[in-house]
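Q: No letters, just coordinates:
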């Protein structure tokens, strides 16, 4: 007879191997699976409300929730992506043709500086306009090339995008319909204490709410407001700049100011005083306050991670997982902190 200990080891090895193999199979569509799970968690309360109104129609409730998800989230995001690709390509073409010259704008700003500021830049060897203009233009061209390349890549991988999109919708439907029973089975299979299971589930849902409903809503609000003021002031590419501000607002300490502050400085330096004053006042008084107003309401102070953790996890997540990483990174970081928060009190109690 095979000893029970050996049987357990073989079974655990088999379990690990098949889990890794299944993960490798899903990895090709990890973005679709990830967003299917995230959207299912976010729309689960709405699905439960619909299910209470139609308790025996699980398929219909899931379909209605899926339809609302399409209307509220997916279709607007698709429209923004199309507009973003069009504007990025247009700006790149204008830069290549010389119609849009960021180096010239920089030269105008330097020429409008007061004497003391010009002397300071001269002491720092930053007034060599030709060299500085060339560097600035090079950076701008590289950035626009990257954006245009990403837009072209989306167009070339249309089939893969459609397949991933279909998988996400298909998975989202079944997660909405069978999510409760699936979560129950996962909970039963997890070899942890029931109290710890409940705490981890609570922490996980809070983390999803904090990173998605909180950070993304704040970022979308700041991006929308930034794009709106750019459109009002007649700045070309408001969708592109609005999306850029939305992504940058995910990074603490820097945020959307990296976009609107240089534009405001350019307006003030080139004599467009009212545009510069309006943009500065709107940036400080509206865009800058969105985070302070919305984040405590949507997230709550107890779940807010330190700014340096958000910054590192966001950049690391995007480097590792691509665009989806700006959500995956903070989620992993928050779960790491939550897990150690659960471990620390238990360790403290055992040692005392």
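A: Looks like it arrived, so ask away. If you're wondering where the values come from, they're calculated on a predicted model, not measured in any experiment. Numbers count the residues shown, from 1 in each chain.
Q: Buried ones in the helix ranked longest in the chain, by neighbour count?
A: Secondary structure assigned by DSSP state H gives helix 158-189 as the longest helix of the chain. Burial within helix 158-189, assessed by neighbour count using 16 or more other C-beta atoms under 10 Å, is assigned to 161, 164, 167-169, 171-173, 175-177, 179. To be clear about C-beta, it is placed using only N, CA and C from the backbone, and glycine gets the same treatment.
Q: what does stretch 318-337 give?
A: Buried-residue list, stretch 318-337, by 16+ other C-beta under 10 Å: 318, 321, 324-334, 337.
Q: Identify all contacting residues around it.
A: When contacts are taken as C-beta atoms under 8 Å, 6 or more residues apart in numbering, the neighbours of stretch 318-337 outside the stretch itself are 30-31, 34-35, 38, 203-204, 207-208, 210-212, 215-216, 247, 250, 303, 305, 309-310, 312-317.
Q: tell me what the longest helix of the chain is packed against?
A: On a contact count with 3 or more C-beta pairs under 8 Å, 6 or more residues apart in numbering; DSSP states H and E, helix 158-189 meets helix 30-53, helix 58-69, helix 194-208.
Q: mind redoing it with 7 Å?
A: Under the contact criterion of 3 or more C-beta pairs under 7 Å, 6 or more residues apart in numbering; DSSP states H and E, helix 158-189 touches helix 30-53, helix 58-69.
Q: Quick one: closest of those helices to residue 14.
A: Counting by C-beta to C-beta, residue 14 lies closest to helix 30-53 out of those; the figure is 23.2 Å.
Q: quick check: mean pLDDT across the closest one?
A: For helix 30-53, the mean pLDDT works out to 85.
Q: ok, now stretch 211-223?
A: This predicted structure assigns stretch 211-223 an average pLDDT of 78.
Q: Number the chain from 528, please
A: Right, with 528 as the first residue, what we last looked at is stretch 738-750.
Q: The nearest residue to residue 743 once chain neighbours are set aside: what secondary structure?
A: In space, and not counting its chain neighbours, residue 743 is closest to residue 854: 7.3 Å by C-beta to C-beta, 6 or more residues apart in numbering. Using DSSP: H, G, I helix; E, B strand; the rest coil, the secondary structure recorded for residue 854 is helix.
Q: Tell me, what's the model's pLDDT at residue 854?
A: Note for residue 854: predicted pLDDT of 74.
Q: for the buried residues of stretch 845-864, which one is nearest residue 534?
A: Nearest to residue 534 among the buried residues of stretch 845-864, counting by C-beta to C-beta, is residue 859 at 33.9 Å.
Q: Roughly how far does that closest one sit from residue 840?
A: For residue 859, the distance to residue 840 under the criterion C-beta to C-beta, to the nearest Å works out to 7 Å.
Q: Okay, angle between the longest helix of the chain and helix 721-735 too, please.
A: 150 degrees (axes from the mean of the first three to the mean of the last three C-alpha atoms, to 10 degrees).
Q: Pull the distance from helix 685-716 to the chain's centre.
A: With C-alpha atoms, centre = their mean, to the nearest Å as the basis, the distance from the averaged C-alpha position of helix 685-716 to the chain average is 21 Å.
Q: Helix 585-596 and that helix, what's the angle between them?
A: Going by the same axes, to 10 degrees, helix 685-716 makes 130 degrees with helix 585-596.
Q: same question for helix 685-716, mean pLDDT?
A: On average, helix 685-716 scores 81.
Q: and what of stretch 588-596?
A: Looking at stretch 588-596 alone, the average pLDDT works out to 88.
Q: Type out the ChimeraX command that picks the buried ones from the contacts of stretch 845-864.
A: What follows is the ChimeraX syntax for the buried subset of those, where burial is set by 16+ other C-beta under 10 Å:
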select :558,561,562,565,730,731,734,735,737,738,739,742,743,774,777,830,832,836,837,840,841,843,844
